[in-house]
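J.: I'll drop the sequence and a predicted model, then ask my questions.
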Amino acid sequence: MFGHSGRRWGRLDRWSGLRRSGAPASRWVAGSPGAMARLALLVGTTVVVSLLVNAGGNFWGPPFPFREGEVYPRAILARVDFRSVDEREYPQGSVLVSAHQPISEKQLALLRAEHAAYLQTLTFQDHLRRWLGILLVAGAVTTLLAVCALRYYPACAYDTRKLSLVCFSVVVGVGLGVLFGQAPWYAAVLPLMMLAMVLSLATPQGLAFLLVVSLALLVTLAHGASLERHFVVLASGLVACVLMLRRVRRRSQLVTVSFWSGVVFALMSLAVGLLTEQTWTLIAFDAGRRFFYSLLAGFCLTGLLPFIEKMFGVVTDISLLELADGSHPLLQELLRRAPGTYTHSMTVATLAEAAAEHVGANPLLCRVGAYFHDIGKMLKPHYFVENQTGENRHTGLTPAMSALIIIGHVKDGVALGQQYRLPQPILDIIEQHHGTTLVEYFYREALRKLRDELAGNGEPILRGGESGRSAEGSCATSEVNGTTNGPPHAAPMISSDLAGERAKAPSQADRYAEVLESNFRYPGPKPQTREAGIVMLADAVEGAARALHEPSPASLQKLVHELLLKRLLEGQFDESGLNLTELRLIEESLGKNLIALYHARVKYPEAKSAAPKGD
């Protein structure tokens, strides 16, 4: 759009945080098309996973669970009569491997012959009974995960696209785990580790924790291995990976996480091997191969990370750092067209990043989101006060037209962000950083004109130019820039008697004011994440602080407190996930950093000219 044909900015969208809690009613209705589609997706995934687990490397039937060098606490007996490769007959119940004896190569061949003979004796009912058992296990696991997601992670549960991708990944992970876990590779750790890292990036940590434990259980069942020998090791390493991988700020972080997960795999292989009395050769082999496959998974996923981000809508800190580069064409164009807005955005980014660190939110997302939150202003820069150089473009416009221009910068910003393929969480911050707040400066101007018109017609007027719904508002002086409602002051409130009368019989003026107010509110939505709420507050206090004539520490702290309280009472944080404790910490951080930003400076005395010497 602006003539930049150089660097191409790929679409990297993600934020694994909360989405809109004000979900449409259809999402909660059991019989709605969306709910039925998600239910069918879960049922289909369960059936496919159960078939993969039932295959166990044989396409149909129990897997061959034995390995050369393994030691079993009990003797391995023949389940059926069979003939070995050397034509020797073995009746049912024959001892094939003695207890506490490592399986030799010859004994392994004997066990394979016995297993092949056993598979031939199984009927269709036997296979069906085993598959039904596995299906029940897979169904129980899916039900547990679905209930957990619905209760604790509704954003993921109702995101059909992400749910589909997670189900697809689970099917692929189980399939590759079953395939790679066969002899001679025994490499189930490789696909499971890669899938664990993908799930850690694409889903909330708690949900990823349950998913990887479930995957470890299903793959263990597919291989026919014992839970104490294989499930414990697999689950330990995968859980360690999920716990260590929260944010990817460096390209080497995936390799680092896979390295320490490999260490966990090796230590657990040693511990389980000692407990089950395995030979040192087998323990060393298991520990070494699991460590190697875990480390290899980190290297493989590092190369695939851009594709994973695009597929799953994930935005890692690496991508955010790339977007934070000042050479981004949108930031360059913002600096050229609206230098005042650019400076404002840089200051808001500093305030938001510090506040996010205080409450454990994503400071990098706050910083980058603040960089781009006002990019829509570059299309009409001179209608915003920070870019004006004396001429006020709003002179001669009606309040409604001015408010339309101010409110429009949000929609313009989202459109520009989509055109330049900004990540979805950045687009969300652009869209939500004003919530459903009121453009109060022009709203009050419109109310004043309405009051004058009604007074001329003999209609009752609102006391102080306030409507019953907006009496908690503030007298804004800098809303022209679309960044804040200005420093709050005590507004003349409607008396309780008058409010009671209006509640019983609202006047025509009240109805006019309520209809008028809807035209001066931002369309929203309200902030859906903590980061969007933090940027909203930082944006408001920065713009309001600039409107103060002589900012002092006390006035700045009061300003932050009153703006935060106003947004809280308006319900702007209801869907953001911010609690009162976090809001208090944000208030402290914003006040502290505003005081540092507007600190007093020493006025240096002017140099006095030398007095003329007398004769």
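T.: That came through fine.

J.: For the rest of this, base every contact and every neighbour count on C-alpha atoms.
T.: OK.

J.: any idea how far stretch 537-544 is from the chain center?
T.: 25 Å (C-alpha atoms, centre = their mean, to the nearest Å).

J.: check contacts around the nearest residue to residue 345 once chain neighbours are set aside.
T.: Among residues not flanking residue 345 along the chain, residue 371 sits closest, at 5.2 Å (C-alpha to C-alpha, 6 or more residues apart in numbering). By C-alpha atoms under 8 Å, 6 or more residues apart in numbering, residue 371 lies in contact with 324, 331, 342, 345, 346, 348, 349.

J.: between those residues, which is nearest residue 180?
T.: Using C-alpha to C-alpha, residue 324 comes nearest to residue 180 of these, at 40.3 Å.

J.: Grab the nearest non-local neighbour of that closest one.
T.: residue 368 is the one closest to residue 324 (C-alpha to C-alpha, 6+ apart), at 5.6 Å.

J.: element containing the one you found, please.
T.: helix 363-372 (DSSP states H and E).

J.: I'd like the C-alpha coordinates of that helix written as CSV, please.
T.: Provided in CSV are the C-alpha atoms of helix 363-372 (Å, rounded to 0.1, in the frame of the first residue of the first chain):
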residue,chain,number,x,y,z
PRO,A,363,5.7,-8.2,28.2
LEU,A,364,7.0,-8.6,24.6
LEU,A,365,3.4,-9.0,23.3
CYS,A,366,2.4,-5.9,25.2
ARG,A,367,5.4,-3.9,23.7
VAL,A,368,4.8,-5.0,20.1
GLY,A,369,1.1,-4.6,20.4
ALA,A,370,1.6,-1.0,21.7
TYR,A,371,3.8,-0.3,18.7
PHE,A,372,1.0,-1.1,16.3
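
J.: what about the residue nearest to residue 324, neighbour count?
T.: 24 (other C-alpha atoms under 10 Å).

J.: Surely it touches residue 325?
T.: No. Counting by C-alpha atoms under 8 Å, residue 368 stays clear of residue 325, with 9.3 Å between them.

J.: quick one: the strands in the protein?
T.: Assigned by DSSP state E, the chain shows strands spanning 76-77, 82-83, 89-90, 95-97.

J.: To residue 305, which of the ones you listed lies closest?
T.: With C-alpha to C-alpha as the criterion, residue 305 lies closest to strand 76-77 of the strands of the chain, at 45.6 Å.

J.: Could you list the residues in contact with the closest one?
T.: With C-alpha under 8 Å, 6+ apart, strand 76-77 has contacts from 92, 93, 94, 95, 96, 97, 98, 99.

J.: Parallel or antiparallel, list what pairs with it.
T.: Sheet neighbours of strand 76-77, with direction, are listed as strand 95-97 (antiparallel) (DSSP bridges).

J.: which residues sit against the strand it pairs with?
T.: 75, 76, 77, 78, 103, 107, 110, 111.

J.: again, only using 10 Å
T.: 71-72, 74-78, 90, 103-104, 107-108, 110-111, 114 (C-alpha atoms under 10 Å, 6 or more residues apart in numbering).

J.: right, and residue 358 touches residue 585 too?
T.: Yes. Using C-alpha atoms under 10 Å, residue 358 is in contact with residue 585, at 6.4 Å.

J.: sorry, back to before: the residue nearest to residue 324 against residue 349, yeah?
T.: Yes. When contacts are counted by C-alpha under 10 Å, residue 368 is listed as touching residue 349 (7.1 Å).

J.: distance between stretch 138-155 and the chain's centre?
T.: Worked out by C-alpha atoms, centre = their mean, stretch 138-155 lies 18 Å from the chain centre.

J.: buried sites along that stretch?
T.: 138, 139, 141, 142, 145, 146, 148, 149, 153, 154, 155 (16 or more other C-alpha atoms under 10 Å).

J.: residue contacts, the third one?
T.: Meaning residue 141. 46, 135, 210, 211, 213, 214, 215, 217, 218.
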